[in-house]
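*Asks:* Have a look at this prediction, sequence included:
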Amino acid sequence: MRRVVVVGGGIAGIYFAYRLLQATEAEVLLVEPKPVHEFVIGIPMAYGGLVDFKDLIFPLTQMRRVKHVWDHAVALDGGCVRLSSSQSACGDYVVLAPGSYKLGTAEYWSVEGSEKLYGLMKKAKAVRFVVSEFTPVIGFQEMAYAVKTRFPDKEVSIHLVYVSDDYQFLLEPWKAKAKEAGVEVTDDPPSHKAVDELHISVPAVRPHPLAAGLDLRPETLETQYDRVYLIGDSALLKLGLPPIGWGSLWQASIVAQAIASEISRGYIDISPDEWSSQTDADSFKRWLTYRMVTGTPLVHLKGLYHIWARDVVSSL
Ligand SMILES: Cc1cc2nc3c(=O)[nH]c(=O)nc-3n(C[C@H](O)[C@H](O)[C@H](O)COP(=O)(O)OP(=O)(O)OC[C@H]3O[C@@H](n4cnc5c(N)ncnc54)[C@H](O)[C@@H]3O)c2cc1C
């Protein structure tokens with residue numbers, strides 16, 4: 001049986017494994033340094049009180065069809081991934097999905113970190129997100145929206161002091177919704193910090209060190225190394241797209257279909273679905289803009305969460 005090594009059990013890695021095993025038989029090794037998968041896209045739902053923080057954590061010991069290799073990948077070595085334990089995980093295919101590297105102190109991209117931050121927000125009279133990074137870690141808008149909806153008396157504001165043009169198309173449709181919810185969005189920095197105010201300096205994202213030196217074919221997401229693919233936040237950043245979960249699902253879906261068809265039929269064949277019909281970076285950007293304009297983030301997320309818990313994670 002063909003072996004597929006997946007590095008990273010986040011949104012991209014888990015969705016890839018699910019789509020692959022839906023379509024074909026394969027031995028899947030998942031290299032992930034944590035004992036759990038975290039549904040980080042859903043963190044704003046916990047802020048809004050729609051789920052508990054602990055509901056966003058899925059133990060990897062529950063997996064029956066995927067073998068968890070509890071380790072860090074440190075380098076790529078042909079069809080093998082070198083691990084921090086100095087062993088290697090080798091396969092016919094390698095799919096790298098290690099997420100992105102975050103620069104900054106306010107941690108809200110892990111369930112534990114975001115729960116701590118939520119505790120601080122609950123106590124504060126005003127919560128102000130200050131964005132002054134070329135590529136900020138996404139999610140601050142949904143968190144602001146959720147906190148304001150849950151605690152209407154709190155002052156919640158977003159200060160877009162600086163953000164790259166690549167993000168503007170993503171934030172623009174959201175601004176109107178923020179206004180409706182009572183979240184102030186401004187280009188000015190907050191004037192001063194009162195004692196009971198919480199200022200959150202939104203961190204930046206960069207490609208993960210494992211993705212350094214990798215070239216990416218935008219249509220197939222294959223790297224310059226045969227049968228080595230890169231998906232998720234780092235791949236999106238390399239394509240000049242904002243690193244968001246919808247993008248990870250799109251990429252995971254394409255690569256899963258490509259590998260599954262090659263394993264079962266000997267050639268690559270991708271049939272379009274909601275995700276994989278986005279065939280390149282530009283069509284993804286158009287589709288995403290449409291989705292951001294028409295969607296209500298928390299409602300979309302709740303639907304995705306149900307599918308995730310009921311179908312995706314439980315099938316692995
Ligand atoms: C608060 C918040 C809200 C968000 N809301 C939305 C939203 O509403 N819509 C949306 O589309 N996106 C949203 N996002 C963005 C979305 O969560 C990310 O884009 C998505 O999680 C990226 O998936 P990924 O698999 O690439 O990375 P991750 O989900 O970060 O997973 C990466 C995994 O790789 C593992 N890893 C790291 N290094 C190694 C290594 N060396 N070896 C092996 N494994 C490694 C990590 O432990 C992790 O499990 C939000 C993000 C946050 C923080």
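*Replies:* Yep, that arrived. Only a predicted model underlies this, so the values are computations on that prediction, with no experimental measurement involved.
*Asks:* Now do Y15 against V195, distance only.
*Replies:* Distance of Y15 to V195, given as Cβ to Cβ, to the nearest Å: 44 Å. From N, CA and C alone the C-beta is placed, and that goes for glycine too.
*Asks:* higher neighbour count, these two?
*Replies:* Y15 (25 against 6; other Cβ atoms under 10 Å).
*Asks:* so S261 sits right up against D269, yeah?
*Replies:* Yes: taking contacts as Cβ atoms under 8 Å, S261 lies within contact range of D269: 4.2 Å.
*Asks:* Please report how far D215 lies from K238.
*Replies:* Taking Cβ to Cβ, one finds D215 at 8 Å from K238.
*Asks:* Between the two, point out the one with more neighbours.
*Replies:* Each of D215 and K238 has its neighbours counted (other Cβ under 10 Å); K238 has more, 19 against 10.
*Asks:* and that one, what does it touch?
*Replies:* 207, 211, 214, 216, 230 (Cβ atoms under 8 Å, 6 or more residues apart in numbering).
*Asks:* Grab the nearest non-local neighbour of T223.
*Replies:* Spatial nearest neighbour of T223, chain neighbours left out: L214 (4.6 Å); criterion: Cβ to Cβ, 6 or more residues apart in numbering.
*Asks:* Can you get me a residue count around the one you found?
*Replies:* If we define neighbours as other Cβ under 10 Å, then L214 has 19 of them.
*Asks:* my read: it touches Y229, true?
*Replies:* No: with contact defined as Cβ under 8 Å, L214 does not reach Y229; the gap is 9.7 Å.
*Asks:* Now do the shared contacts for these two.
*Replies:* The contact sets of L214 and Y229 overlap at 96, 223 (Cβ under 8 Å, 6+ apart).
*Asks:* Pick out the residue closest to the middle of this structure.
*Replies:* With distances taken as Cα atoms, centre = their mean, G245 lies nearest the centre of the chain, 3.8 Å away.
*Asks:* Look at the spatially closest residue to that residue that is not a sequence neighbour and give its secondary structure.
*Replies:* Once flanking residues are discounted, G245 sits nearest to I41: 4.1 Å by Cβ to Cβ, 6+ apart. Three-state secondary structure (criterion: DSSP: H, G, I helix; E, B strand; the rest coil) places I41 in helix.
*Asks:* Surely I41 touches K302?
*Replies:* No: between I41 and K302 there is no contact under Cβ under 8 Å: 11.0 Å.
*Asks:* Those two: which has the busier surroundings?
*Replies:* The neighbour comparison of I41 against K302 (other Cβ under 10 Å) goes to I41, with 24 against 15.
*Asks:* who touches the more buried one in this structure?
*Replies:* By Cβ under 8 Å, 6+ apart, the residues touching I41 are 11, 245, 301, 304.
*Asks:* How confident is the prediction for it, by pLDDT?
*Replies:* On pLDDT, I41 comes in at 91.
*Asks:* gap between it and the ligand?
*Replies:* 4 Å (Cβ to the nearest ligand atom, to the nearest Å).
*Asks:* For that residue, give its distance to L171.
*Replies:* 17 Å.
*Asks:* what number of residues lie near whichever residue of the stretch 51-200 of the chain sits closest to the ligand?
*Replies:* Using Cβ to the nearest ligand atom, G139 is the residue of the stretch 51-200 of the chain that sits closest to the ligand, at 2.3 Å. By other Cβ under 10 Å, 19 other residues sit near G139.
*Asks:* and it, what does it touch?
*Replies:* 40, 43-44, 108-109.
*Asks:* host element of G13?
*Replies:* According to DSSP states H and E, G13 maps onto helix 11-23.
*Asks:* In that helix, which residues are buried?
*Replies:* Across helix 11-23, burial judged by 16 or more other Cβ atoms under 10 Å covers 11-21.
*Asks:* Let me know the closest of these to K116.
*Replies:* I11 (21.3 Å; Cβ to Cβ).
*Asks:* Hmm, the closest one is touching V40, no?
*Replies:* Yes: using Cβ under 8 Å, I11 makes contact with V40 at a distance of 6.8 Å.
*Asks:* how about the helices in the stretch 201-316 of the chain?
*Replies:* 233-238, 245-265, 281-294, 297-307 (DSSP state H, counting those that start in this stretch).
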